[in-house]
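**Student:** 3D model of this:
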Amino acid sequence: MDSPELMWIVVAIVAIAVVAFAAVAVWRNNRRKQREDLAKRFGPEYERLMQEHGNVARVEQELQARAKRVSKLPIKELSDSERKTFTEAWRQTQERFVDTPSIAVRSAHDLVQQVMRARGYPVDDFDQRVADLSVDHAGVVEHYRAAHALHESNRQGEGNTEELRQAMVHYRALFSDLLGNSPEREPGSRRLTTAHA
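**Tutor:** Residues are numbered from 1 along each chain as shown. The predicted structure follows:
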């Protein structure tokens, strides 16, 4: 083999190595971006799953499966009249808290499920509800978990007034997010955190 042929072979090998290196770099960059997008989209839920599983690939696979499942659900925005009806129901539930906190928490629990159902979320299984909500409402999923735990404690007769108040606060965060309201703009939200505290 003469020198020019050897040189072309070396150039070809170097070119293949450079292309392979670039392809790996692009692939890694895409994976990093996908991770960042998932972490941003799922926020605290991404972190919770990382602590629970400790395996990035497994967490990403689970979150992508959740997103795929929810994309097939008939999720819709509420109409103005539905939003108004639910907001009024929340106001009444909140007012009930003063005299009957335990009943108000049960009512808040039921109302959140009604809103979820109206939006198109299945409500049969709590763990599945949380997983489904985490796709588009990741910022309030922990509120829902906390509210549900306090609701269950209340159902067993173990909830004190402060825990019931906290359950209402947690349910309100999810309720507001499902309605498309921020807690600050929700009618009567100040009333619960001050007068009912």
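**Student:** in this protein, where is pLDDT below threshold?
**Tutor:** 1-2, 181-197 (pLDDT under 70).
**Student:** domain map for it?
**Tutor:** Listed by automatic domain parsing, the domain ranges of the chain are 3-71, 80-194.
**Student:** need those domains in a markdown table with mean neighbour count, can you?
**Tutor:** Every residue, glycine included, has its C-beta placed from N, CA and C. Formatted as a markdown table, these follow (neighbours: other Cβ atoms under 10 Å):
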| stretch | mean neighbour count |
| --- | --- |
| domain 3-71 | 13 |
| domain 80-194 | 17 |
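**Student:** can you check which helix is longest in the protein?
**Tutor:** Longest helix in the chain, counting residues (DSSP state H): helix 3-42.
**Student:** what sits against Leu174?
**Tutor:** Shown in contact with Leu174 (Cβ atoms under 8 Å, 6 or more residues apart in numbering): Val112, Leu133, His137, Val140, His143, Tyr144, Ala147.
**Student:** er, Asp136 actually
**Tutor:** Val70, Ile75.
**Student:** one more: the one 5 residues further on?
**Tutor:** Contacts for Val141 (Cβ under 8 Å, 6+ apart) come out as Pro44, Glu45, Val130, Leu133, Ser134.
**Student:** how about those in a markdown table, adding distance to Ala12 and secondary structure?
**Tutor:** Listed next are the contacts of Val141 as a markdown table, based on distance: Cβ to Cβ, whole Å; DSSP: H, G, I helix; E, B strand; the rest coil:
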| residue | distance to Ala12 | secondary structure |
| --- | --- | --- |
| Pro44 | 50 | helix |
| Glu45 | 48 | helix |
| Val130 | 55 | helix |
| Leu133 | 54 | helix |
| Ser134 | 49 | helix |
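**Student:** tell me the one of these nearest Pro4?
**Tutor:** Taking Cβ to Cβ as the measure, Glu45 is the one of these closest to Pro4, at 60.1 Å.
**Student:** my guess is that closest one meets Ser134, correct?
**Tutor:** Yes. Counting by Cβ atoms under 8 Å, Glu45 does reach Ser134; the two are 4.4 Å apart.
**Student:** which non-adjacent residue is nearest Gln166?
**Tutor:** In space, and not counting its chain neighbours, Gln166 is closest to Leu150: 6.1 Å by Cβ to Cβ, 6 or more residues apart in numbering.
**Student:** can you name the helix or strand that the one you found falls in?
**Tutor:** helix 141-155 (DSSP states H and E).
**Student:** same question for Lys84.
**Tutor:** Assigned by DSSP H and E, Lys84 belongs to helix 80-99.
**Student:** can I get stretch 143-151 in CSV, CA atoms only?
**Tutor:** C-alpha atoms of stretch 143-151 as CSV (Å, rounded to 0.1, in the frame of the first residue of the first chain):
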residue,chain,number,x,y,z
HIS,A,143,-51.3,19.2,47.6
TYR,A,144,-53.6,16.5,46.4
ARG,A,145,-51.6,13.7,48.1
ALA,A,146,-51.6,15.7,51.3
ALA,A,147,-55.3,16.6,51.1
HIS,A,148,-56.2,12.9,50.4
ALA,A,149,-54.2,11.7,53.3
LEU,A,150,-55.9,14.2,55.6
HIS,A,151,-59.3,13.3,54.2
